[in-house]
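**Q** Generate coordinates for the sequence data below:
(chains A and B)
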2 protein chains.
Amino acid sequence: MQRTLIRDIGAHIGTRLTIAGFAQVIRNQGSITFILVRDVSGVVQVVVTKDVPEAMDAAKAISLESVIEVRGLVKQEGQAPGGIEIAAAEINVLSAAEPELPIPIFEKGSQEEAEQSIRMDWRWLDLRKPSHLLIFKVWTAMEAGFREYWVKHGYIEIHSPKLIGAPSESGAEVFEVNYFGRKAYLAQSPQFYKQMAMAAGFEKVFEVGPVFRAEPSMTSRHATEFTGYDMEISYIKSHEEVMAEEEKAIAHALHHVHTQYGDEIKKEFGRELVVPVAPFPRVTFAEAKKILREMSVPSEKENDFSPEEERKLGEYINEKHRHEFVFVTAYPHASRAFYHMRDEQDPHLTKGFDLFWNGLEVTTGAQREHRYDVLIAQAKERKMNIERIEFYLNFFKYGCPPHGGFGMGPNRMMMKLLGLESIREAMFLYRGVKRLEP
Amino acid sequence: MQRTLIRDIGAHIGTRLTIAGFAQVIRNQGSITFILVRDVSGVVQVVVTKDVPEAMDAAKAISLESVIEVRGLVKQEGQAPGGIEIAAAEINVLSAAEPELPIPIFEKGSQEEAEQSIRMDWRWLDLRKPSHLLIFKVWTAMEAGFREYWVKHGYIEIHSPKLIGAPSESGAEVFEVNYFGRKAYLAQSPQFYKQMAMAAGFEKVFEVGPVFRAEPSMTSRHATEFTGYDMEISYIKSHEEVMAEEEKAIAHALHHVHTQYGDEIKKEFGRELVVPVAPFPRVTFAEAKKILREMSVPSEKENDFSPEEERKLGEYINEKHRHEFVFVTAYPHASRAFYHMRDEQDPHLTKGFDLFWNGLEVTTGAQREHRYDVLIAQAKERKMNIERIEFYLNFFKYGCPPHGGFGMGPNRMMMKLLGLESIREAMFLYRGVKRLEP
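**A** A predicted model of the protein is given here:
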């Protein structure tokens, strides 16, 4: 007999069918046993009575979180959660759980969660909570939304190598790999390679893939490995075109999420997902610093924001513009990567931007410097090892269209989308300085 | 003035517009100069006459493969390729190419390609050839097709970590990473983690991401880093359900490619893409060996096929079944991973399969062993270090649905889709023992 998903059984009242899932709660009341069975789509109550002794014997032996298959009659039942229950005719244990679970999932008194690091040790049990599962359903919808935008608008997908011969960008915070006796490095971003695609005439590309940062940072916003969404477009006049493209892609993706999961997000996370309207508000870096000074927020760095400043700026924008997003533009050149193009009017500034969502940086973007000579000059100014990045500089020697793009952190996007406290909850498996397992 | 893509200019005859792209061919005939301009969408002839002296001066100074912007009038012209040309009113060089190109792209006499390894050194120039660009347009369509299938059928997307604490599977051929003074490894596949998703109750997952193999193999079918498509589904009765799912996904994806690029593939690669019809032919491993013996193909290994056997089997299936694909099932347990489930009838065989496309293995799949005790016994039989895979074995201790899945190589899929000679041509940037650059 075909298995029916629990969310679909309401259409089958009065018929016999088979469901399968985890035994989430078991209440044994002597002559009657109730089991809450959970699959990927929902939860249903199974009732087992002594009229069916084989099922009753099976039910009594089940340990919590075992995987069971239940055949039975679908009935309306006012007392049951959702108003439906299944009267069991047959129960099979497909996979028995050990009687002692290492972390609580659904027993009484488990409202208080185990400490995060312990939950991460048993991540596959932690992910059984429907709210945690929902994070990845929403991710799937968000990524599908972005991809739909990209594919519909003629972007080409690339999968650039993560093993590279020279440390990209700064050389700091890069993981070293033993590559047949020589050194290789793990890519910190696909930056150089998506620019290579521009030099190859691909014009519009996107990439989704892992990025690696050997940062010993332990904050709730950092990880040593996370997913990056990257895009790059050619024949732009300025970074404004990149920003215009980004806000359209985000609006499209979040609309997609809202349509599919808006209600569930509200129910599980108490968060009203607002699909943002383009154009997003924009402030220059200097304006933002002025606003923050006027709000008496202490400034730690001249050329960058502190996390406190980012949060306060988010609150200000939310109040002033009724918008959760803000682009900050015209960053000082000193705080940006050497390949960001300088502003023609004021060479101390760049044609780069960051995007913040409710006080958290989710994107860095820019028009890139595509002029070979200027790019070399900018690298030298930073005292970079030109030889090490020669392979990259060569991309610009044989004609390269003007271009720009951005890198986005979908894990951070998920944090803001669902109001999660930590990026670790927005990753299937978190990786940090002290965490490589499971 | 907005830029128009070259494929769209036919709709604008008699009007002025702007195009931009690479100067592919320049023919200077004294009072008139012809330039073939190429963008991501096509090629068009630009004609420059001495009536427009500024444009003529600009045209004379252009080096091959420079990026130029041309404003001009669209005219019908029987002599021009495609019957259309643009009479230049203004030409701007956006990015000048150095006069000597390191590899030929489009000059006369460049029909013969530079040697592959030299082309790979200058990959961004090599990718400017429209047939090479087409590979990645087709990839984009193929991946979008697979994803459409997965998302529509309720799969959840995961991004599992590539940095892992213990060498997965065999421990051989794995890259070692210096991880803050301890050892980490690069994942050879997301196998263990997609199974973890099954233990977490995700039921159906897919992943697209890089996989790493420290194999010193130099064949045209191998690389040290490539892209993997992985999926895994729960509540199956046997690997037959995995195969049924795979053939539907492939048919869907290739139909998608055929609709968008069937004609271009035929034109550029001379390959008639046949959208395969499900069900695909199936033969058992023993049957296949028998067929090959009868064809007098030498057998090198008892428990596996040689590349020669794979090719010959492909030819046989093509002739006998008029089908490019074939599933080989019932492999000997000795030649499969320890986590493949054994056949209940004959424990020397597994519930695993490989999929071949025109003689090349493109997929390995199986029903997995989800029973904790049986899995440990199978690992011990292989003399595996149980402690090292304890984190994995734990996934099966607290209830895990029966499940199975496959891993597919999209680079190999692209080889067969387009009839490419080498996997290196089907990667944006190839990585091999001796290649980490660019």
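**Q** tell me which residues of the one helix or strand in chain A whose mean pLDDT sits lowest are tucked away?
**A** Ranking every helix and strand in chain A by mean pLDDT, DSSP states H and E puts helix A:116-121 at the bottom, with a mean of 91. Across helix A:116-121, burial judged by 16 or more other C-beta atoms under 10 Å in any protein chain shown covers A:119-121. The way it works is simple: take the backbone N, C-alpha and C, and place the C-beta from them, glycine included.
**Q** Spell out which parts of the stretch 251-400 of chain A neighbour chain B.
**A** Taking C-beta under 8 Å from any C-beta of the partner chain, the part of the stretch 251-400 of chain A that reaches chain B is made up of A:370-371, A:391-392, A:394-400.
**Q** go with 6 Å
**A** Counting by C-beta under 6 Å from any C-beta of the partner chain, the stretch 251-400 of chain A comes close to chain B at A:391, A:395, A:397-400.
**Q** swap in the stretch 51-200 of chain A?
**A** Going by C-beta under 6 Å from any C-beta, the residues of the stretch 51-200 of chain A near chain B are A:65-67, A:95, A:97-98, A:124, A:127-128, A:136-137, A:140, A:143-144, A:151, A:156-163, A:165, A:175-178, A:180, A:184, A:196, A:199-200.
**Q** What separation is there between the nearest residue to A:F406 once chain neighbours are set aside and B:T140?
**A** Distances taken as C-beta to C-beta, 6 or more residues apart in numbering or on different chains place A:G365 nearest to A:F406, at 3.0 Å, with adjacent residues excluded. Distance of A:G365 to B:T140, computed by C-beta to C-beta, to the nearest Å: 22 Å.
**Q** of those two, who's got more company?
**A** Neighbour count, other C-beta atoms under 10 Å in any protein chain shown: between A:G365 and B:T140, A:G365 has more, with 26 against 23.
**Q** tell me the contacts of that one?
**A** Residues counted as contacts of A:G365 (C-beta atoms under 6 Å, 6 or more residues apart in numbering or on different chains) are A:242, A:353, A:406.
**Q** hmm, which of those residues are the buried ones?
**A** A:242, A:353, A:406.
**Q** Leaving out the residues flanking it, which one is nearest to the first one?
**A** Same thing as A:V242. A:G404 (4.3 Å).
**Q** all helices for the stretch 1-150 of chain A, in order.
**A** Taking DSSP state H, counting those that start in this stretch, the helices of the stretch 1-150 of chain A run over residues A:53-61, A:116-121, A:123-126, A:130-152.
**Q** Just say which of these is most tucked in.
**A** For the helices of the stretch 1-150 of chain A, the largest average neighbour count (mean count of other C-beta atoms under 10 Å in any protein chain shown) is found in helix A:123-126, namely a mean of 22.
**Q** CA-only coordinates of that one in CSV, if you can.
**A** Provided in CSV are the C-alpha atoms of helix A:123-126 (Å, rounded to 0.1, in the frame of the first residue of the first chain):
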residue,chain,number,x,y,z
ARG,A,123,22.2,17.9,15.1
TRP,A,124,20.2,15.2,13.3
LEU,A,125,17.9,14.9,16.3
ASP,A,126,17.9,18.7,16.8
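**Q** Filter the buried ones among the contacts of A:G365 down to just the ones in helices.
**A** The helices, defined by DSSP state H, take in A:V242 from the buried ones among the contacts of A:G365.
**Q** and of the buried ones among the contacts of A:G365, the nearest to chain B?
**A** A:V242 (15.5 Å; C-beta to the nearest C-beta).
**Q** Bridging across strands, which residues link to the residue nearest to A:V242?
**A** For A:G404, the beta-bridge partners are A:I233, A:Q367 (DSSP bridges).
**Q** That one and A:Q367 touch, don't they?
**A** Yes: the criterion here is C-beta atoms under 6 Å, and A:G404 meets it with A:Q367 at 3.8 Å.
**Q** Give me the more crowded residue out of those two.
**A** Neighbour tally, A:G404 and A:Q367, criterion other C-beta under 10 Å: the higher count belongs to A:G404, 29 against 26.
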